[in-house]
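Student: Sequence and predicted model, in that order:
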2 protein chains.
Amino acid sequence: MDKPPDNDVCSNKDLLAVRDALDVLSGKWKLQILIALLNGAIRFKEIAKQVDGISDRMLSKELKELEANQLVKRKVIDAFPPIVEYKATSHTKSLHTVIYALKEWGYFHRKKILGK
Amino acid sequence: MDKPPDNDVCSNKDLLAVRDALDVLSGKWKLQILIALLNGAIRFKEIAKQVDGISDRMLSKELKELEANQLVKRKVIDAFPPIVEYKATSHTKSLHTVIYALKEWGYFHRKKILGK
DNA sequence: TTTAGTGCTTACTAAAAGTTTAGTAATAAA
DNA sequence: TTTATTACTAAACTTTTAGTAAGCACTAAA
């Protein structure tokens, strides 16, 4: 028997796209880091302060992933002590729609589960 | 120094809501299971067949989590061999908006990363 | 001279998530 | 009698993810 064609709620390609989006926000820290950046945090240590509990190691790692996804732009300024600027990009801002949808549904879900 | 008030892109409460929504879709299998259900799959083994590669253990575990979040309704029909029906709920359907937003951004992101 | 600050990296550990293999009761078909 | 089916569960295992502790180069302040 062959597989049926993809006239489904969500095709296999769609599934991959959804997963791509989820992956970008996956893990314990990325969302918080992005929010810190959208709110204007710039330097490594500044982000570390805003994202409560994160270790240098994790922050460094997550920033690299975000950079690979063009959600963070890194700029080194030659100074002592070193200054490294991290900034949100236009691509980061395009995430707003997604975060908004997640947020709205999150509130809706909580009402549903905790009883209206 | 006190914490500043939450006049940010995303307040702490908002963050929790976003995370709640993400948690509901977290893990390797939940999204695929939900899609299978939205497409009409009903019985345990039917879902297992549609969700390629999942083990019985994982399916059972994930279905329980989804049920706890009211995203799946379980109904046992007393028969031999046993019949257990799994169905999407209205709450599942409310997730559509979120999944759609993720999907759209996922495609957009792919274009961005792979070069337009 | 010791200390602190900056943006990291390395090595290691712990915890969470997922996989594999096997097994259950009850029945019916081969 | 052996095998298959259904909807699971249990134990042992591996993989992935996250956390902890330390250290590096460099400089300025205490």
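Tutor: That came in fine, so what should we check first? The structure presented is a predicted model; accordingly, all values stated were derived computationally and were not measured. Residues are numbered from 1 along each chain as shown, chains lettered A, B, ... in the order given.

Student: Okay, buried residues for stretch A:32-46 please.
Tutor: Within stretch A:32-46, the residues scored as buried using 16 or more other C-beta atoms under 10 Å in any protein chain shown are A:Gln32, A:Ile33, A:Leu34, A:Ile35, A:Ala36, A:Leu37, A:Leu38, A:Ala41, A:Ile42, A:Phe44. Backbone N, C-alpha and C define where each C-beta goes, glycine included.

Student: Mind listing residues that contact it?
Tutor: With contact meaning C-beta atoms under 8 Å, 6 or more residues apart in numbering or on different chains, stretch A:32-46 is reached by A:25, A:47, A:50-51, A:54, A:56, A:59-60, A:62-63, A:66, A:71-72, A:83-88, A:92-93, A:95, B:8-10, B:15.

Student: From chain B, how far off is the closest residue to DNA strand D within chain A?
Tutor: Closest approach between chain A and DNA strand D, counting by C-beta to the nearest atom of the strand: A:Gly27, at 3.1 Å. According to C-beta to the nearest C-beta, to the nearest Å, A:Gly27 and chain B sit 10 Å apart.

Student: so that residue touches A:Leu59, yeah?
Tutor: No - using C-beta atoms under 8 Å, A:Gly27 is not in contact with A:Leu59; the gap is 11.8 Å.

Student: With neighbour numbers in mind, choose between those two.
Tutor: A:Leu59 (18 against 13; other C-beta atoms under 10 Å in any protein chain shown).

Student: who's in contact with the more buried one?
Tutor: So A:Leu59 contacts A:Trp29, A:Ile33, A:Phe44, A:Ile47, A:Ala48, A:Val51 (C-beta under 8 Å, 6+ apart).

Student: Name the nearest residue to A:Thr89, ignoring sequence neighbours.
Tutor: In space, and not counting its chain neighbours, A:Thr89 is closest to A:Lys73: 5.3 Å by C-beta to C-beta, 6 or more residues apart in numbering or on different chains.

Student: again with A:Leu71
Tutor: Counting by C-beta to C-beta, 6+ apart, A:Thr92 is the residue found nearest to A:Leu71 once chain neighbours are left out, at 4.8 Å.

Student: So the one you found, which state does it fall into?
Tutor: helix (DSSP: H, G, I helix; E, B strand; the rest coil).

Student: quick revisit: what about DNA strand C: which of the contacts of stretch A:32-46 touch it?
Tutor: The subset of those within reach of DNA strand C, by C-beta under 7 Å from any atom of the strand, is A:Asp56, A:Ser60, A:Leu63, A:Ile83, A:Val84.

Student: Now, these that are in strands?
Tutor: Assigned to strands by DSSP state E, the following of those qualify: A:Ile83, A:Val84.

Student: Kindly list the longest helix within chain A.
Tutor: helix A:96-114 (DSSP state H).

Student: Mind giving me the packing neighbours of that one?
Tutor: helix B:12-24, helix B:90-94, helix B:96-114 (3 or more C-beta pairs under 8 Å, 6 or more residues apart in numbering or on different chains; DSSP states H and E).

Student: which residues touch it?
Tutor: The contact list for helix A:96-114, computed with C-beta under 8 Å, 6+ apart, reads A:21, A:25, A:31, B:10, B:14, B:16-22, B:24, B:69-70, B:91, B:94-95, B:97-98, B:100-102, B:104-105.

Student: could you check the angle helix A:12-24 makes with that helix?
Tutor: 90 degrees (axes from the mean of the first three to the mean of the last three C-alpha atoms, to 10 degrees).

Student: Would you mark the buried spots in helix A:96-114?
Tutor: Result for helix A:96-114 [16+ other C-beta under 10 Å]: buried residues A:Val98, A:Ile99, A:Ala101, A:Leu102, A:Lys103, A:Glu104, A:Trp105, A:Gly106, A:Tyr107, A:Phe108, A:His109, A:Lys112.
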